[in-house]
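Asker: what shape does this take:
(one chain, ligands or ions: 2)
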Amino acid sequence: MVDLAYVIAGSEATGGAGLQVDLKTFQQHGVYGVGTTTCIVSFDPKNDWGHRFFPVPAEVIADQIEAATSAHDLDVVKIGMLGTPATIEVVAEGLAKQNWRHVVLDPVLICKGQEPGAALDTDNALRTRILPHATVITPNMFEARTLSGMDSIDSVDDLIEAARRIHDLGPQYVIAKGGVELPGEEAVDVLFDGEDVTLVTAPKVGNERVSGAGCTLAAAITAELAKGTDVAAAVKSAKDFVTRGIKGRVSAHTPFDTVWQGA
Ligand SMILES: Nc1ncnc2c1ncn2[C@@H]1O[C@H](COP(=O)(O)OP(=O)(O)O)[C@@H](O)[C@H]1O
Ligand SMILES: Cc1ncc(COP(=O)(O)O)c(C=O)c1O
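Answerer: Ligands and ions are numbered 1, 2, ... in the order given. All right, here's what the predicted structure looks like:
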């Protein structure tokens with residue numbers, strides 16, 4: 001029997017992030033992917049690739065969740081971009097309808113290049129409605145600052161402190177991603193399981209962020225969990241996968257290069 005993984009996330013029209021990346025990553029791991037679309041992001045080439053954001057109506061999201069969960073016995077789900085409090089509410093209701101072995105939350109508050117202010121109401125709804133379901137959470141530096149309440153994260157020690165604080169909010173496993181934003185030669189992520197801190201590192205590939213890196217990492221963790229891998233091994237494998245994809249990155253006319261999941 002093939003292993004199945006489910007993702008509830010936004011569509012990103014250039015193919016570089018979001019649901020498209022999640023499903024490519026699942027496929028690359030030999031896992032059958034099932035996806036529910038929460039919103040559609042279309043970057044605007046006429047306006048510095050600014051964000052055009054269209055939320056899928058809540059009832060249509062509910063219909064998709066009903067179809068997906070009725071068609072398949074799903075026990076591992078990745079949550080990507082939700083975008084609005086109304087979407088968060090309907091996804092929270094969907095999650096509450098069954099038991100999950102793992103809920104992997106990529107707490108996407110804003111996309112690369114977007115203004116932080118847009119995130120505040122989404123942040124509050126995510127905290128109260130989605131975080132309680134998450135077993136694994138993968139915040140980047142901005143999301144780690146927001147969720148931990150820390151003003152700045154300037155070192156690996158700060159990132160560990162942020163992971164500890166986010167663990168206190170509920171998720172059993174926190175993977176806080178330093179990426180290219182901490183100084184040094186390595187892209188350092190921190191895994192905290194409530195007891196032990198593990199540094200998950202790979203050499204930086206350039207000093208730029210890459211579109212779809214966060215989605216790829218969380219989707220690869222989800223695919224490994226669907227196959228029965230334990231969390232620590234899933235994170236290590238996902239880090240290798242995303243690093244390969246960043247090395248093999250695809251350049252486009254957009255401001256950021258994008259991860260190649262087939263690398
Ligand atoms: N240029 C890079 N070289 C190597 N690893 C990177 C690079 N950029 C990001 N990463 C890694 O990719 C993963 C996703 O990180 P990041 O881009 O910070 O997430 P997000 O997409 O959520 O902002 C992390 O494991 C991070 O360390
Ligand atoms: C729909 C959607 N999901 C998620 C993301 C986050 O992508 P990344 O993996 O680059 O953090 C974006 C960013 O553009 C997006 O548009």
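Asker: rest of the way, CA atoms for contacts and neighbours
Answerer: Noted.
Asker: tell me the phi and psi of the residue most central in space within the chain?
Answerer: Geometric centre of the chain, nearest residue: D106, 2.8 Å, by C-alpha atoms, centre = their mean. Geometry field for D106 lists phi and psi as phi -100, psi 100, criterion degrees, to the nearest 10.
Asker: try V103
Answerer: Here the main-chain torsion angles of V103 (degrees, to the nearest 10) amount to phi -120, psi 110.
Asker: wait, does the longest helix belonging to the chain contact ligand 2?
Answerer: Identified as the longest helix of the chain according to DSSP state H is helix 231-247. No - with C-alpha under 6 Å from any ligand atom as the threshold, helix 231-247 lies outside contact range of ligand 2, at a closest distance of 10.4 Å.
Asker: what's that helix packed up against?
Answerer: Packing partners of helix 231-247 (3 or more C-alpha pairs under 8 Å, 6 or more residues apart in numbering; DSSP states H and E): strand 197-203, helix 213-226.
Asker: which residues touch that helix?
Answerer: By C-alpha atoms under 8 Å, 6 or more residues apart in numbering, the surrounding residues in contact with helix 231-247 are 173, 191, 200-202, 205, 210, 213, 216-218, 220-222, 224-225, 258-263.
Asker: how does it look with 6 Å?
Answerer: By C-alpha atoms under 6 Å, 6 or more residues apart in numbering, the list of residues contacting helix 231-247 from outside reads 217, 220-221, 224, 259-261, 263.
Asker: kindly report the same for stretch 164-178.
Answerer: 132, 134-141, 148, 163, 188-193.
Asker: the residue nearest to the centre of the chain reaches G80, doesn't it?
Answerer: Yes - at 5.2 Å, D106 and G80 qualify as touching, with contact defined as C-alpha atoms under 6 Å.
Asker: show me the helices in the chain, by range?
Answerer: 18-28, 58-71, 85-96, 120-125, 141-148, 156-167, 213-226, 231-247.
Asker: and these, which one's lowest on average pLDDT?
Answerer: Between the helices of the chain, the one with the least mean pLDDT is helix 120-125; it has a mean of 86.
Asker: next, the contact list for D158, please.
Answerer: Counting by C-alpha under 6 Å, 6+ apart, D158 makes contact with nothing.
Asker: if you set the cut-off to 10 Å instead, what comes out?
Answerer: Under the criterion of C-alpha atoms under 10 Å, 6 or more residues apart in numbering, the neighbours of D158 are 145, 150, 152, 164.
Asker: just V200 next, same as before
Answerer: By C-alpha under 10 Å, 6+ apart, the contact set of V200 is 175-178, 186-191, 232, 235-236, 239-240.
Asker: what about V250, neighbour count?
Answerer: 16 (other C-alpha atoms under 10 Å).
Asker: quick one: the closest residue to it other than its chain neighbours and ligand 1, what's the gap?
Answerer: If the residues on either side of it in the chain are set aside, V250 comes closest to T258, at 5.2 Å by C-alpha to C-alpha, 6 or more residues apart in numbering. Distance from T258 to ligand 1, counting by C-alpha to the nearest ligand atom, to the nearest Å: 10 Å.
Asker: bridging residues for T258?
Answerer: Under the criterion DSSP bridges, T258 forms beta bridges with S211, V250.
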